[in-house]
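Undergrad: give the three-dimensional model of this entry:
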Amino acid sequence: MTTNLWTGHLVRLRAVEPRDWEAFHANDLDTESQRAGWSIQFPRSEAASKDWAERVAKAEPLGDNVRFAIENGQGELVGTINTQHCNVHAGTFSYGIALFRPHWRKGYAREAIQLVLRYYFGELRYQKVNTQVYSFNDASARLHESLGFRLEGRLRQMGFTNGQPFDELHYGLTREEFEQPLPAQPARRNWLD
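TA: Coordinates of the predicted model:
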């Protein structure tokens, strides 16, 4: 039986392909998804979205800084996760993740993060990961805490959206903490509850 480190039960991480431009373009039109993922950008033309996807698909990783497409079991692009600030000497890295809104709260983000952490800790010998969560994004804060991340700091009024300033919450997780078994997760609620 063949196994693939980049494939979990729910998602597969792969390179961005030029054909992905349509899903990224559609996500760019979703204000709430953009707000949760990074920031609301100016409208981008279809041609610009196609060019962006082409450039990303052809780009070589810069060291261990990589952008992955997240695809579900049906082969549908559901979001992206990218590693950044990879410091081999210090053994630290960070990442950002953005799921397209129709795919929120399905377990995709959790598994994509775990796949990246397993590789960076187990194969590349990194010792610590850091990530930032916007203070208005309670779901992301809960997700990271459920994965064992610890809140290490709060930077006040570091961003602005929807007419309000917001704080950045800084979370960290060491390799040793990642290797500890996670406490049992409560059963996911049905969306009709």
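
Undergrad: contacts and neighbour counts: CA atoms only from here.
TA: Noted.

Undergrad: okay, strands next: where are they in this protein?
TA: 11-14, 67-72, 77-87, 92-99, 128-134, 150-161, 164-174 (DSSP state E).

Undergrad: I'd say Gln132 and Asp167 touch.
TA: No - Gln132 lies out of contact with Asp167 (Cα atoms under 8 Å); the separation is 9.9 Å.

Undergrad: more crowded one of these two?
TA: Gln132 (21 against 17; other Cα atoms under 10 Å).

Undergrad: and Asp30, which of the strands of the chain is closest to it?
TA: Nearest of these to Asp30, taken as Cα to Cα: strand 92-99 at 11.5 Å.

Undergrad: what sits against Pro18?
TA: Contact analysis of Pro18 by Cα atoms under 8 Å, 6 or more residues apart in numbering lists 50, 53-54, 57.

Undergrad: beta partners of the residue most central in space within the chain?
TA: Taking Cα atoms, centre = their mean, the centroid of the chain lies closest to Ile97, which sits 1.7 Å from it. Counting by DSSP bridges, Ile97 is bridged to Ile81.

Undergrad: what about it, distance to Lys58?
TA: 21 Å (Cα to Cα, to the nearest Å).

Undergrad: repeat for Pro181
TA: 38 Å.

Undergrad: try Asp167
TA: On the measure of Cα to Cα, Asp167 and Lys58 end up 35 Å apart.

Undergrad: please apply the same query to Ser135.
TA: On the measure of Cα to Cα, Ser135 and Lys58 end up 34 Å apart.

Undergrad: re earlier: which among the contacts of Pro18 end up buried?
TA: Among those, the ones that count as buried by 16 or more other Cα atoms under 10 Å are 50, 53-54, 57.

Undergrad: circling back to that earlier point, may I see the strands of the chain organised as TSV, with distance to Gly107 and mean pLDDT added?
TA: TSV is the format used below for the strands of the chain (distance: least, Cα to Cα, whole Å; pLDDT from 0 to 100):
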stretch	distance to Gly107	mean pLDDT
strand 11-14	9	97
strand 67-72	10	97
strand 77-87	11	97
strand 92-99	11	96
strand 128-134	17	96
strand 150-161	20	94
strand 164-174	19	95
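
Undergrad: make CSV out of those and add distance to Ala26.
TA: What follows is the strands of the chain, written out as CSV (distance: least, Cα to Cα, whole Å):
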stretch, distance to Ala26
strand 11-14, 20
strand 67-72, 15
strand 77-87, 11
strand 92-99, 12
strand 128-134, 23
strand 150-161, 20
strand 164-174, 25
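
Undergrad: closest one to Gln41 among those?
TA: strand 150-161 (11.5 Å).
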